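Trainee: I'll drop the sequence and a predicted model, then ask my questions.
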Amino acid sequence: MTTSPPAAASPPTADPPPSSVPALEMRGITKRYPGVIANDHIDLDLRRGEIHALLGENGAGKTTLMNVLYGLATPDEGEILLDGKVVDIGGPSDAIARGISMVHQHFMLVPVLSVAENIVLGLETMANRVFLDLGEARRRIRDLAARFGFDIDPDAKVASLSVGQQQRVEILKALYREARILVLDEPTAVLTPQETEEIFVLLRRLAENGRSIVFISHKLYEVLEIADRITVIRRGRVVGERAPKETSEDELAELMVGREVQLTVDRGVSDPGAVTLEVDALRVTDDRGHPAVREVSLQVRAGEILGIAGVAGNGQDELVEAIVGLRSVAGGRVTLKGKDITGASPRHIHDSQVAYVPADRHRFGLILSFPITDNLVLNRYCDAPFARGIIRNDEAVLAEAKDNIAEYDIRTPSATAPVATLSGGNQQKLVVAREFDRDLALLVLDQPTRGLDVGSIEFIHRQVIAKRNAGTAVLLVSAELDEVLEMSDRISVMYRGELVATVDGRTADKNEVGLLMATGGKAKPDAEWTQPIDRGATT
Amino acid sequence: MDQLINGLYGIPVAGLIFQAVGYIVDQLPFLSHAAVAISIPIIFAALCGVVCERSGVVNIGLEGIMLTAAFVGWVVGVVATQFLGHGDPTPLFGFTLPLIIALVSAVAAGMLLSLLHAWLAISVRADQIISGTIINIIALGLTGYLISLISQSSPKGAGSFTPLAIPQNVANLPVVGWLINAVFNQGPIAISAIVLTVVLQILLFRSRWGLRTRSVGEHPKAAETVGIDVVKLRYRNVVAGGALAALGGAYLSMELTNSFQPGMTQGRGFIGLAAMIVGRWTPLGAFGAAVLFGSAQAISSSITFAPPTGSLGDFMNQVPPQLFDALPYLVTIIILAGLIGRSTPPAADGQPYSREAAT
């Protein structure tokens, strides 16, 4: 391990090879996991100064391919060439030494350490053989950040930063290591439209600087906006390469999914009935006792979708949890069809025909190590026909599971496979199957399509529209602005625990709502608000 | 800021404790020595816990590691004395050749045993609690059996290290004299506990090793992606922790006494783990908590050993002696119940790491 890092971001190499040789070439990469071929003879090349998008559904093999490049996975076949020379990458330290850096989908930052500590980790600036020189590290980090036009406090704890800032720390980490090739795995998944735009500006600046960028995404419009070239991967194979100018969202979606996809589900017209859910001046605190929801009032009518737009961590989770009875209410009232359900037990609320799809399916929606059968009856296991007295009725449970698997198109080798073995999309379909499969008065959805592929999103959106058309009131919380815009009949924007605006879902303007999400429509931010804790993302 | 506030709260509490301790020490002449004697192994155990758990490995086997080191140190001392004789002890600390050989062997035994734990916990990815329990059971059974065989021939041990002599005028200083006497009128192993605590505190928060250890214990995947060898670092920390625990064992059989009794660690390894938690996984905090636990135990034992005279003695005679025996456990329970909620372990503590595991 080197004791002193190279001077921050000096020119990459003294004598760069001719620019006709690609900076990176991956040839015939094959990676098999038990039962699946994650990468099947994938070829990929990356030119100097190019932003190359890697597009594919979840589970298509994008991340595996990049883990092979970064030395986190060992390929079964194939070779990697850097500047035309075959290299062997045995681990992340090899990759870093060769100028490859990766910004992972789940940030690889240690929350309890400071920004400076996170950035220098592994390539520490040393005062002597034993002790760190964090002062020097701080100076370099400030220099580097200033060069690329942003501002960061090297002493801030990473846990106290917003996700957008954390993303910048990740990119700084790569720049600090003099990355010539930068891989970004789904970098915009957690960002607001404004933050995304800022990252795009930064990426373009880096590319102009001669750095090559692999941009992994499943968001079509983003890829079309940022990439110089797009490679589409489906089920571990390259199925096409396109230039953004010559292609369209529809063509890319079809390549990705392998069939024609309707990107926007037609929400049709709604026919709102009586008020089903009424929330009146609700106050809720977060896990640390700080106010998370402040005097929120809203109404959802039968047969209507109310979308709540907002950057993750603005109190949406707490609002939803208070409504379904998972979090205690500090003040205000929640009424369902005229009956007060404030502070009622989750079981009581569930039995009042309320369904809930939580934001984090791994932690709250499913028991990953349990089989599909058990997960499908988690909310009904003690009722007939799934129980006879205190004895479980395995046949009824299995029959129900088989019905649900067929109806909700859950792709699984068997009805008794552990849920952990399913892909993210199929896991979420399972949650939807369990929650949707009865008559509902109110449907509460918190980030129902987070991290899902186009095909699964389309499926879940259709199910939600069908429920609405059947007269269910739907409360849809999402940090994906597009989802809220496409699905909702009415949209409320949540900002720092308050609903700051409500607009019509069909006429709402994306930029206007995006701006409300980012600023709350106020000139100066509220001093009282504390940064939310990132409760972990799901794939 | 939070730390500062916590620190400020601590000042009046520390003052009260200091006064109370001064009074009790006055009444119970054996107390300060008993407190140090009981605290030292707990300190070493707690330091071992900090070094292991900061890197993400739970090591409850340190009780067994201490016991084994105590046993090996004493037995090697016996054997070495047979071949080399006693030799002339050095004036400072009373080092002799057999004693040094014995101490090195004890530390080596501790490192070897923790290497076993490291292998089970890190490479085999066995449950770390079970692995540690296995070590504890093996150590207790094996040393107990072997000592019963060896002691039939009533062997002669290598003796023990001698304490540093504190000049009488220093020991008689007002207010701090008793403290200096209690802390430094000690053998080399006990004094090293204090030195090691300070050194580890500085290293953990200021050195490269410390930064890497903390990152591996919190988020091993992040550490791996910047090129840190998670497995190697954890091995090194667990083995180094074994050496620390071994010193605690060696203290018992080679400095506090010059003999070995079956099960002589008396659960101090576990109390060390409690001290580590109360000390929030920092060496200094763990040291403070270990001294607190040790003192609680010392009070009960010195009351039993030499009851105080005067009105305090009369009062104490009326209290059932079982209450004093229960005192250390009560203190442990009260402190753990009050603190455990606010004490957050390293995020990846006890979780085996595998590079290609699904994220």
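Mentor: On my side now, so go ahead. Residues are numbered from 1 along each chain as shown, chains lettered A, B, ... in the order given.

Trainee: Helix or strand: which one has A:Tyr356?
Mentor: Under the criterion of DSSP states H and E, A:Tyr356 resides in strand A:354-357.

Trainee: try A:Val238
Mentor: strand A:237-242.

Trainee: Next secondary structure element downstream of the strand holding A:Tyr356?
Mentor: Per DSSP H and E, the first helix or strand lying C-terminal to strand A:354-357 is helix A:372-376.

Trainee: what separates A:Met26 from chain B, distance-wise?
Mentor: Distance of A:Met26 to chain B, given as CB to the nearest CB, to the nearest Å: 18 Å. For the C-beta atoms, the positions are set from N, CA and C on the backbone; glycine is no exception.

Trainee: Helix, strand or coil: sort out the residue nearest to that residue when sequence neighbours are not counted for me.
Mentor: Of all residues not flanking A:Met26 in the chain, A:Leu44 sits nearest, at 4.5 Å (CB to CB, 6 or more residues apart in numbering or on different chains). Assigned by DSSP: H, G, I helix; E, B strand; the rest coil, the conformation of A:Leu44 is strand.

Trainee: So A:Leu44 is in contact with A:Val238, correct?
Mentor: Yes - if you go by CB atoms under 8 Å, A:Leu44 and A:Val238 touch, sitting 7.4 Å apart.

Trainee: Identify the contacts common to those two.
Mentor: A:Thr231 (CB atoms under 8 Å, 6 or more residues apart in numbering or on different chains).

Trainee: so where is the chain shaky, pLDDT-wise?
Mentor: Using chain A here. For chain A, applying pLDDT under 70 flags the ranges A:1-19, A:522-539.

Trainee: wait, I meant chain B there
Mentor: B:1-10, B:18, B:21-22, B:24-26, B:29, B:175, B:339-342, B:356-359.

Trainee: Tell me where the stretch 151-300 of chain A has strands.
Mentor: A:181-185, A:212-217, A:229-234, A:237-242, A:275-285, A:291-301 (DSSP state E, counting those that start in this stretch).

Trainee: The strand holding A:Tyr356 packs against which elements?
Mentor: Applying 3 or more CB pairs under 8 Å, 6 or more residues apart in numbering or on different chains; DSSP states H and E, one finds that strand A:354-357 contacts helix A:424-436, strand A:442-446.

Trainee: How far away from the center of its chain is it?
Mentor: Using CA atoms, centre = their mean, to the nearest Å, the mean C-alpha position of strand A:354-357 is found 21 Å from that of the whole chain.

Trainee: Direction included, what does that strand pair up with?
Mentor: The strands beside strand A:354-357 in its sheet (DSSP bridges) come out as strand A:442-446 (parallel).

Trainee: And the strand it pairs with, how far out from the chain middle?
Mentor: Centre-to-centre, strand A:442-446 and its host chain are 19 Å apart (CA atoms, centre = their mean).

Trainee: between it and strand A:291-301, how many degrees?
Mentor: Per axes from the mean of the first three to the mean of the last three CA atoms, to 10 degrees, the angle that strand A:442-446 makes with strand A:291-301 is 140 degrees.

Trainee: which strands and helices sit next to the following helix or strand past strand A:442-446?
Mentor: The element immediately downstream of strand A:442-446 (helix or strand, assigned by DSSP H and E) is helix A:454-469. Counting contacts by 3+ CB pairs under 8 Å, 6+ apart, helix A:454-469 packs against helix A:249-257, helix A:424-436, strand A:442-446, strand A:473-478, helix A:481-487.

Trainee: Just send those back as a markdown table, with mean neighbour count too.
Mentor: Listed next are the helices and strands packed on helix A:454-469 as a markdown table, based on neighbours: other CB atoms under 10 Å in any protein chain shown:
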| stretch | mean neighbour count |
| --- | --- |
| helix A:249-257 | 18 |
| helix A:424-436 | 24 |
| strand A:442-446 | 25 |
| strand A:473-478 | 26 |
| helix A:481-487 | 21 |
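
Trainee: Just send these back as JSON lines, with distance to B:Ala37 too.
Mentor: As requested, these are arranged in JSON lines below (distance: least, CB to CB, whole Å):
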{"stretch": "helix A:249-257", "distance to B:Ala37": "71"}
{"stretch": "helix A:424-436", "distance to B:Ala37": "57"}
{"stretch": "strand A:442-446", "distance to B:Ala37": "58"}
{"stretch": "strand A:473-478", "distance to B:Ala37": "60"}
{"stretch": "helix A:481-487", "distance to B:Ala37": "66"}
